[in-house]
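Visitor: Give me a 3D structure for the following:
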Amino acid sequence: MTTLRTVTLGCKVNQYETELVRESLVKAGYRDASDGEVAELCVVNTCTVTAEGDSKSRQVIRQLARRNPGTRIVVMGCYATRAPEEVATLPAVSEVITDKRELPDWLNRWGVADVPTGISGFGGRQRAYVKVQDGCMLNCSFCIIPTVRPHLASRPVEHVVDEVHRLTSSRHREVVLTGIHLGHYGVEWSRSRDKSEWRRLSYLLSRLVELPGEFRLRLSSIEATEVTRELIAVMAANPQRICPHLHISMQSGSDDVLRRMRRRWGRQRFLDRCRLVTDSLDAPALTTDVIVGFPGETEQEFEETCAACEEAGFSKIHIFPFSARRGTPAAEMANQTPPDVKADRVRRLGDLEVKLRSRYFARLSGRKLEVLVEARADRSGWLRGTACRYATVELPGAAAQIGKLVTVVAGPELAGAIQAH
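Guide: Predicted coordinates:
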């Protein structure tokens with residue numbers, strides 16, 4: 001029985017794709033290598049969002065080659081797509097998969113007769129990711145992903161419904177729908193003249209909420225223009241099934257910076273969409289991504305971003321100092337922001353995030369929250385989990401509750417988490 005080891009770098013989509021490959025190979029007779037055991041086959045799913053992603057991918061491949069003598073390493077993912085010749089020169093690499101659409105053929109060659117349409121588990125994790133869409137056709141000036149994942153592809157509704165049903169019928173009580181551009185789910189079908197074939201994200205959600213069992217759904221990152229009234233309506237109608245949380249990627253709160261980024265909307269349109277969400281749902285959590293120190297970003301433009309974050313009322317901000325990505329227009333722009341200025345702005349925006357999170361958590365005090373219990377907390381007799389509103393919660397309890405959905409009453413904020421009563 002061939003021993004197998006898989007390693008994933010990067011996003012939720014990569015994590016899902018690795019699990020699909022791993023599960024396919026295990027069903028075909030492969031076995032996960034135990035700790036310290038040499039793996040005869042290693043599969044590495046790489047990331048290329050930043051130069052650091054490339055570097056980490058190379059490091060992982062070299063470590064696998066060193067720790068698994070005689071192994072064959074198969075490399076997939078965005079770095080493999082962007083620089084296949086470079087990847088092929090790394091030690092023990094026997095094959096480079098440059099296009100995820102080649103996976104079924106590759107799996108066939110490695111003994112998988114029937115490639116599954118989805119997964120039935122997600123390793124030892126309490127929440128499962130389900131990829132519903134691939135590809136991005138935007139051309140943001142800072143992003144390399146449309147170059148390595150340009151083909152829009154939405155999974156059939158029935159495949160997703162069957163997969164979510166399998167996952168929730170086992171032990172997964174939260175399923176996160178994810179994609180390279182989640183809001184473009186079904187966009188290619190909308191080109192059909194037959195409107196009965198149009199199936200967008202709101203329709204998929206409306207089908208998934210009908211599944212039986214105790215579970216909840218969460219959406220991963222989505223663009224503001226794709227938070228449609230139809231999508232909000234489905235969320236509002238199913239508060240016990242769909243987490244009242246949206247991660248809406250802002251990147252900047254300055255119109256001038258957004259234009260240089262080649263984003264598709266301005267500051268006010270973004271904030272109006274956030275306001276529509278907060279007016280339509282019950283105390284929803286809004287989280288976002290922000291790039292600071294984009295080329296040419298002035299102090300005033302940075303302050304506009306901070307003001308937009310405060311107006312939107314984000315409960316969490318993923319803060320990224322701009323990193324020039326070779327092959328993107330932004331990497332060639334003039335007026336690159338000095339590292340010390342970027343570091344200062346990361347710190348200042350981080351301070352604002354702490355204030356906004358505390359403000360949002362204070363609004364939740366005394367409110368009932370549904371929590372997915374995920375692990376033991378540092379304190380004896382306490383557990384840690386994630387609330388429906390994407391807040392970390394610490395609660396008293398026994399290990400038998402791990403993996404379950406429990407309802408608690410939110411108490412005071414405690415070191416970045418909410419303490420349950």
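Visitor: Please report phi then psi for the closest residue to residue 343 other than its chain neighbours.
Guide: Among residues not flanking residue 343 along the chain, residue 321 sits closest, at 6.9 Å (CB to CB, 6 or more residues apart in numbering). Where you see a C-beta, it was placed from the backbone N, CA and C, and this is true even at glycine. Phi and psi for residue 321, reported as degrees, to the nearest 10, are phi -70, psi 140.
Visitor: partners of residue 321 in the sheet?
Guide: residue 292 (DSSP bridges).
Visitor: hang on, isn't it packed against residue 344?
Guide: No. Judged on CB atoms under 8 Å, residue 321 makes no contact with residue 344 at a distance of 10.1 Å.
Visitor: quick one: the residue nearest to residue 343 from residue 339, how far?
Guide: Computed as CB to CB, to the nearest Å, the residue 321 to residue 339 distance reads 8 Å.
Visitor: The two: who's more crowded?
Guide: residue 321 (16 against 10; other CB atoms under 10 Å).
Visitor: residues touching the more buried one, list them.
Guide: 291, 292, 293, 339, 342, 343, 345, 346 (CB atoms under 8 Å, 6 or more residues apart in numbering).
Visitor: Next, format those as TSV and append distance to residue 71.
Guide: Compiled in TSV, those are given as follows (distance: CB to CB, whole Å):
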residue	distance to residue 71
291	38
292	41
293	41
339	39
342	40
343	40
345	44
346	39
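Visitor: Contacts only, for residue 202.
Guide: 228, 230, 231, 233, 234.
Visitor: Let's see that with 10 Å instead.
Guide: By CB atoms under 10 Å, 6 or more residues apart in numbering, the contact list for residue 202 reads 185, 186, 226, 228, 229, 230, 231, 232, 233, 234, 235.
Visitor: Find residues that contact each of residue 321 and residue 339.
Guide: Both residue 321 and residue 339 are contacted by residue 293, under the criterion CB under 10 Å, 6+ apart.
Visitor: Burial check on the closest residue to residue 306 other than its chain neighbours, number of neighbours?
Guide: In this structure, residue 306 finds its nearest non-sequential neighbour in residue 352, 5.6 Å apart by CB to CB, 6+ apart. Residues near residue 352, counting by other CB under 10 Å, number 17.
Visitor: swap in residue 168?
Guide: Residue 168, neighbours per other CB under 10 Å, totals 21.
Visitor: can I assume it sits in a helix?
Guide: Yes. Assigned with DSSP: H, G, I helix; E, B strand; the rest coil, residue 168 falls within a helix.
Visitor: who's in contact with it?
Guide: By CB under 10 Å, 6+ apart, residue 168 lies in contact with 128, 174, 175, 208, 211, 212, 213, 214, 215, 216, 217.
Visitor: biggest separation within those residues, which pair?
Guide: 128 and 212 (16.8 Å; CB to CB).
Visitor: neighbour-wise, which of the two wins?
Guide: residue 128 (26 against 8).
Visitor: Run a quick check on that one versus residue 169, I expect a contact.
Guide: No. Using CB atoms under 10 Å, residue 128 is not in contact with residue 169, being 11.6 Å away.
Visitor: Mutual contacts of those two, please.
Guide: Shared contacts of residue 128 and residue 169, defined by CB under 10 Å, 6+ apart, are found at 120, 215.
Visitor: Please report the distance of the residue lying closest to residue 312 once chain neighbours are set aside from residue 351.
Guide: Excluding the flanking residues, the one nearest residue 312 by CB to CB, 6+ apart is residue 274, at 4.5 Å. Distance, residue 274 to residue 351, using CB to CB: 21 Å.
Visitor: The two: which is more packed in?
Guide: residue 274 (23 against 11).
Visitor: which residues sit in contact with residue 5?
Guide: With contact set as CB under 10 Å, 6+ apart, residue 5 has these partners: 22, 32-34, 37-44, 64, 67-68, 71, 73.
Visitor: distance between the longest helix along the chain and the chain's centre?
Guide: Determined from DSSP state H, the single longest helix within the chain is helix 339-364. Mean-position distance between helix 339-364 and its chain equals 21 Å (CA atoms, centre = their mean, to the nearest Å).
Visitor: In terms of secondary structure, what does that helix contact?
Guide: strand 285-292, helix 299-312, strand 316-321, strand 405-414, strand 417-420 (3 or more CB pairs under 10 Å, 6 or more residues apart in numbering; DSSP states H and E).
Visitor: make it 7 Å
Guide: Contacts defined by 3 or more CB pairs under 7 Å, 6 or more residues apart in numbering; DSSP states H and E place helix 339-364 against strand 285-292, helix 299-312, strand 316-321, strand 405-414.
Visitor: Please point out which parts of the shortest one sit buried.
Guide: For strand 316-321, the buried set under the neighbour-count rule, 16 or more other CB atoms under 10 Å, comprises 316, 317, 319, 320, 321.
Visitor: got it, and stretch 239-250?
Guide: 241, 242, 243, 244, 245, 246, 247, 248, 249, 250.
Visitor: Tell me who's in contact with the second one.
Guide: I take that to be residue 242. Neighbour list for residue 242: 205, 209, 217, 235 [criterion: CB atoms under 7 Å, 6 or more residues apart in numbering].
Visitor: got a winner among those residues for most neighbours?
Guide: Highest neighbour count within the contacts of residue 242, by other CB under 10 Å: residue 235, with 25 neighbours.
Visitor: Helix or strand for that residue, just tell me which one.
Guide: Per DSSP states H and E, residue 235 falls inside helix 229-237.
Visitor: Just the strands from the stretch 51-200 of the chain, written as ranges.
Guide: With DSSP state E, counting those that start in this stretch, the ranges of strands along the stretch 51-200 of the chain come out as 72-77, 93-96, 127-134, 153-154, 174-179.
Visitor: Next, format the ones you listed as CSV and append mean pLDDT.
Guide: Below are these laid out as CSV (pLDDT from 0 to 100):
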stretch, mean pLDDT
strand 72-77, 96
strand 93-96, 96
strand 127-134, 96
strand 153-154, 94
strand 174-179, 98
